[in-house]
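A.B. asks: The amino acid sequence is not available; the structure is as follows:
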């Protein structure tokens, strides 16, 4: 019997709780061991986790989020091309927060377990905003609450973080801030009697303070009156072993005037601003006895500023240290149906997600070169397919099927010798059986994922007893066909290779959810804004009456306001868009009224476009619940852009007044609808801006 111990870390951004609803009904079964980590004990826990990750054979991860889709039409459909599916995953990762991040390092005969609370608290004002904003999907929050997640623990004690991009931006902002503060003020005219009088008074006071300082330095005595005046006005302090005076309490304009006074009248005085212990700014005038001493002072101030900035940034990085640890160790990362998880990791801890899937995979592969998806492994490896017996490959189902000795708390005496024995350890506590109440808590889900992978490795012939600690499991020849293959969409069994960015053909015998083996996206038309009374069968009936009974293969609802129409031939796409356009221009003449498409176009709010328009709409960062509203908002931007570009072309080309007026007329602008603008199947007057740009 193999024996593999797990080191578990549940890294929660918003909330984490290890308590199980099953514990109350099954007190004899020990709870899954867990070490709680909050802000106060994060550093020692991180150091402990670092040692376990470095010694691990592989690391399993799992995430829980505040939501998955910002609108029903943002769900993945069978008619979604791979680049569109990536855009939908990108939208989800950008709009929702991660509420749990489970990390579970597995090592032959070694382990420990942690539970990190993390929260997106904005410690540094990097981009001018005061806080992060994320969406919460009510169904997801209800789901998390059902499993007793503790929101209060996360909000009050959660560990904040910065992404790599935010760290770079923060450092640049601190550098620019210092350069702006240290740069000498430009000569500016001192306008106004108040400013002139203030400058003269400051010049006299500072001069008196400097003169008394030089007298004291030369051993000359000071009058009692001068001493009294000094105490009332400027009291000498010391800054980095140099005499100085504080000029706090003035307005920003007055401080600029003081800077000008120093610059124009005193070569041996320097104006500086530093951060005090309470992070409040202190404005000082410091005496230096030589140019070398002045340069040394400014260098010391700059170094101190950089040191303070670096300390703030390092403190704000917080939980990202865990992600950096996983990245630097280059261990095999194991997830279950984890493409969305990996997208969240990139968005939250690396930087903004790229617009194209190819750029994303190149970026994530740089930081995490070895990732394996247990769902793909179970679905594509012949031995594991046979073991699964066509059972569901959801995490909990796969765990029960592959690891019944753990999932069902089967005793070691009853368990088969073919099962990998897994023990978990936290501090001095160990156990090898647990209740299942931790399901859908990210740390326990990561543990289940790791157990599935360990058992799967055993089934396909990887013997951990023969595995050297110096070997990287990611290079095992029995796993090579499955490394870095992730599902873009389980619905479509669409797999992407993180090494190349290419789409991979899955070797599943069948997928009951998939009706079309090869979809020709050039045959698809997107229709929205049609009368609400029309259903998919009604729309299909309208179109087939116009183009023949075999013209339409399928009509699929995105939501109640939009459908995909999948034509049997590509030529029907251009014919449909052209006929729709002609009917709309014909207004209410008898021929257009009697056309079969008249019912579809009723109300004159129906829009149609090709598949590329659908991709453009999906790439928009806007979030409208209904697709028709999303398309209208997105297309309004297109039309505004087209109009501006058209006006520029008209102006540059020097068209006659009559022609220019006709081109920019309201009727022309109205006809730059979404189908006219984006559809490349027609080339009429409405597409003239596009044609003119091509000529240029």
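C.D. replies: Thanks, I have the structure now. Bear in mind the structure is a predicted one, so any value in this text is a computation, not a measurement.
A.B. asks: what's the nearest residue to residue 538 once chain neighbours are set aside in contact with, if anything?
C.D. replies: Nearest in space to residue 538, with sequence neighbours left out and distances taken as Cβ to Cβ, 6 or more residues apart in numbering, is residue 599 at 7.5 Å. The way it works is simple: take the backbone N, C-alpha and C, and place the C-beta from them, glycine included. Taking Cβ atoms under 8 Å, 6 or more residues apart in numbering, we find residue 599 in contact with 531, 534, 538, 542.
A.B. asks: same question, residue 457
C.D. replies: 464, 478, 479.
A.B. asks: Residue 397 now?
C.D. replies: Contacts for residue 397 were tallied using Cβ under 8 Å, 6+ apart; they are residue 391.
A.B. asks: Which residues does stretch 525-534 contact?
C.D. replies: Contacts for stretch 525-534 (Cβ under 8 Å, 6+ apart): 539, 542, 558, 560-565, 567, 573, 576-577, 599-603, 605-611, 613-614, 627-628, 631-632.
A.B. asks: let me redo that: stretch 87-96
C.D. replies: Contacts for stretch 87-96 (Cβ under 8 Å, 6+ apart): 65-70, 74-76, 80, 134-137, 140, 339-340, 343-344, 346-348, 352-353, 355, 360, 488, 615, 618-619, 621, 623.
A.B. asks: Of the residues you listed, which belong to strands?
C.D. replies: 65, 488 (DSSP state E).
A.B. asks: Of the contacts of stretch 87-96, select the buried ones using a ChimeraX command.
C.D. replies: Applying 16 or more other Cβ atoms under 10 Å to those leaves a buried subset, and the ChimeraX line that selects it is:
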select :65,66,67,68,69,70,74,76,80,134,135,136,137,140,339,340,343,344,346,347,348,353,360,488,615,618,619
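A.B. asks: rewinding a little: and the contacts of residue 457, which is closest to residue 287?
C.D. replies: Ranked by distance to residue 287 (Cβ to Cβ), the contacts of residue 457 are led by residue 479 at 69.1 Å.
A.B. asks: mind giving me the domain split of the chain?
C.D. replies: The chain breaks down into these domains under the TED database: 35-78+95-161+319-375+392-410+417-484, 182-215+233-312, 521-631.
A.B. asks: so of these, which one's packed in deepest?
C.D. replies: With neighbours defined as mean count of other Cβ atoms under 10 Å, the domains of the chain peak in mean count at domain 35-78+95-161+319-375+392-410+417-484, which reaches a mean of 19.
A.B. asks: any idea of the mean pLDDT in that domain?
C.D. replies: Mean per-residue pLDDT for domain 35-78+95-161+319-375+392-410+417-484: 84.
A.B. asks: Hmm, residue 360 and residue 346 touching each other?
C.D. replies: Yes - between residue 346 and residue 360 there is a contact under Cβ atoms under 8 Å: 6.8 Å.
A.B. asks: Please narrow the contacts of stretch 87-96 to those residing in helices.
C.D. replies: Among these, DSSP state H puts 140, 339, 340, 343, 344, 360, 615, 618 in helices.
A.B. asks: any idea how far residue 239 is from the second one?
C.D. replies: If you measure residue 339 against residue 239 using Cβ to Cβ, to the nearest Å, the figure is 55 Å.
A.B. asks: quick one on the thing from earlier: now render the ones in helices among the contacts of stretch 87-96 as CSV, adding distance to residue 167.
C.D. replies: Converted to CSV, the ones in helices among the contacts of stretch 87-96 look like this (distance: Cβ to Cβ, whole Å):
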residue, distance to residue 167
140, 29
339, 25
340, 24
343, 20
344, 18
360, 20
615, 32
618, 30
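A.B. asks: All set, thanks.
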